[in-house]
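Asks: Build me a structure from this.
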Amino acid sequence: MNNQSDEKLLNDVLRFQGEEITGSLLYEKLAKECKDEHNAAVLFDMAEAEKRHYAFWKSISGQEVAPSRGRIMFFTLLAKVLGLTFTLKLLEKGEEVTAADYARVASIHPGAEKMGEEEEQHEDALLAMIDEERLSYVGSIVLGLNDALVELTGTLAGLTFAFQKGKLVAVSGIITGIAAALSMAASNYLASKADNDPKAKKAALYTGGAYLITVILLVLPYLIVPQTGFWIYASLGITLLIAVGIIAGFNFYVSVARSEAFKPRFLEMAGISLGVAFLSFLVGLLVRSVVGAE
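Replies: Numbers count the residues shown, from 1 in each chain. Here you go, the predicted structure:
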């Protein structure tokens, strides 16, 4: 084997070491900050597993590798904002080592390929044990988010073409949105209560909160963009881009946290929201023409 190949293999091993020691310290830090005892125990197990993997790669390289402090800080913050499950699965996606990587190392250490397979199985099993409350409310968030996107994009599109006055559109959108958020939260609470769901109040809060946040983001362009001439239509365009961004962001979160396909969910949700908005354009033009709202 030539020197260039030896150097490539060593670099691979050192990369694996860096990922393992970074993961070990991150899991340990998250475990210490985790209030749920079950999740903390799982995280400590993951930290120990990564530490053993680091020792394995170190036995091949014969070198120490420093962890990435920046990655540890970033993923710790991400866990606080977006949750433990999403953060851990995103981290694992970013650290996937291919079978080809292990096969290359296996040429100098036969146990590498088998260790890689065992590592992946073990990590998947541990991740499956993580129990995070917020993920049990994804259905409630989808309800509020999707309803707000469908109703508000349609409403704002229709009002924009009917009134062509930004402030009037914004006020109408805010009033409609707040009323709809309260109505949606109340409906979700009553439906959950009827099913004897002990988490009915929290489910309602998640639904109403998701709806209200979406309303604020969609109406925002009409409040900060100048509302004269062409700009009112620019506000609508920005609102639609925000809607697509919200859909993409939420579906990316769910696809990672719940290990589901991103594209079908995104296309379905975007298609429904933008389709309703387009139909509302036509309704707005029709109302403006028939009623004579100038």
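Asks: now the helices: where do they sit in the stretch 1-150 of the chain?
Replies: All helices of the stretch 1-150 of the chain, identified by DSSP state H, counting those that start in this stretch, fall at 3-33, 37-61, 69-82, 84-94, 99-106, 111-129, 138-163.
Asks: pLDDT below threshold where in this structure?
Replies: Low-confidence segments of the chain, defined by pLDDT under 70: 1-6, 94-104, 106-108, 110-136, 227-229, 281, 284-285, 288, 291-294.
Asks: Let me see the domain layout of it.
Replies: With domains defined by automatic domain parsing, the chain comprises 3-131, 135-291.
Asks: Point out the most buried one among these.
Replies: Mean neighbours per residue, mean count of other Cβ atoms under 10 Å, is largest over the domains of the chain for domain 135-291, with a mean of 18. Any C-beta I mention is one placed from the backbone N, CA and C, and that applies to glycine too.
Asks: Pull up the distance across stretch 23-43, start to finish.
Replies: Counting by Cα to Cα, to the nearest Å, you get 10 Å between the two ends of stretch 23-43.
Asks: Work out the gap between that stretch and the centre of the chain.
Replies: Relative to its chain's centre, stretch 23-43 lies at 21 Å (Cα atoms, centre = their mean, to the nearest Å).
Asks: now the helices of the stretch 1-150 of the chain in TSV, with distance to Phe252?
Replies: Output for the helices of the stretch 1-150 of the chain, formatted as TSV (distance: least, Cβ to Cβ, whole Å):
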stretch	distance to Phe252
helix 3-33	21
helix 37-61	23
helix 69-82	10
helix 84-94	9
helix 99-106	26
helix 111-129	18
helix 138-163	13
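Asks: So for Ile246, which of the ones you listed sits nearest?
Replies: helix 138-163 (6.7 Å; Cβ to Cβ).
Asks: packing partners for that closest one?
Replies: helix 166-194, helix 200-224, helix 231-257, helix 262-291 (3 or more Cβ pairs under 8 Å, 6 or more residues apart in numbering; DSSP states H and E).
Asks: For Ala55, which of these is the nearest?
Replies: Taking Cβ to Cβ, helix 231-257 is the member of the helices and strands packed on helix 138-163 nearest to Ala55, at 29.2 Å.
Asks: helices or strands next to that closest one in the packing?
Replies: Applying 3+ Cβ pairs under 8 Å, 6+ apart, one finds that helix 231-257 contacts helix 84-94, helix 138-163, helix 166-194, helix 200-224, helix 262-291.
Asks: JSON lines for the ones you listed, including distance to Ala40?
Replies: Shown next, in JSON lines, are the helices and strands packed on helix 231-257 (distance: least, Cβ to Cβ, whole Å):
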{"stretch": "helix 84-94", "distance to Ala40": "10"}
{"stretch": "helix 138-163", "distance to Ala40": "23"}
{"stretch": "helix 166-194", "distance to Ala40": "29"}
{"stretch": "helix 200-224", "distance to Ala40": "22"}
{"stretch": "helix 262-291", "distance to Ala40": "30"}
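Asks: Now do the most centrally placed residue in the chain against Arg69, distance only.
Replies: Centroid-nearest residue in the chain, with Cα atoms, centre = their mean: Tyr253, separated by 1.8 Å. Tyr253 is 26 Å from Arg69, where distance means Cβ to Cβ, to the nearest Å.
Asks: tell me the contacts of the residue nearest to the centre of the chain?
Replies: Leu82, Phe86 (Cβ atoms under 8 Å, 6 or more residues apart in numbering).
Asks: Can you give me the distance of it to Phe74?
Replies: Applying Cβ to Cβ to Tyr253 and Phe74 gives a distance of 16 Å.
Asks: just Leu84 next, same as before
Replies: Leu84 is 15 Å from Phe74, by Cβ to Cβ.
Asks: still on that earlier bit, of all the helices and strands packed on helix 231-257, which one comes closest to Val65?
Replies: So among these, helix 84-94 is nearest, using Cβ to Cβ, at 17.2 Å.
Asks: just checking, what packs against the closest one?
Replies: Judged by 3+ Cβ pairs under 8 Å, 6+ apart, the packing partners of helix 84-94 are helix 3-33, helix 69-82, helix 111-129, helix 231-257.
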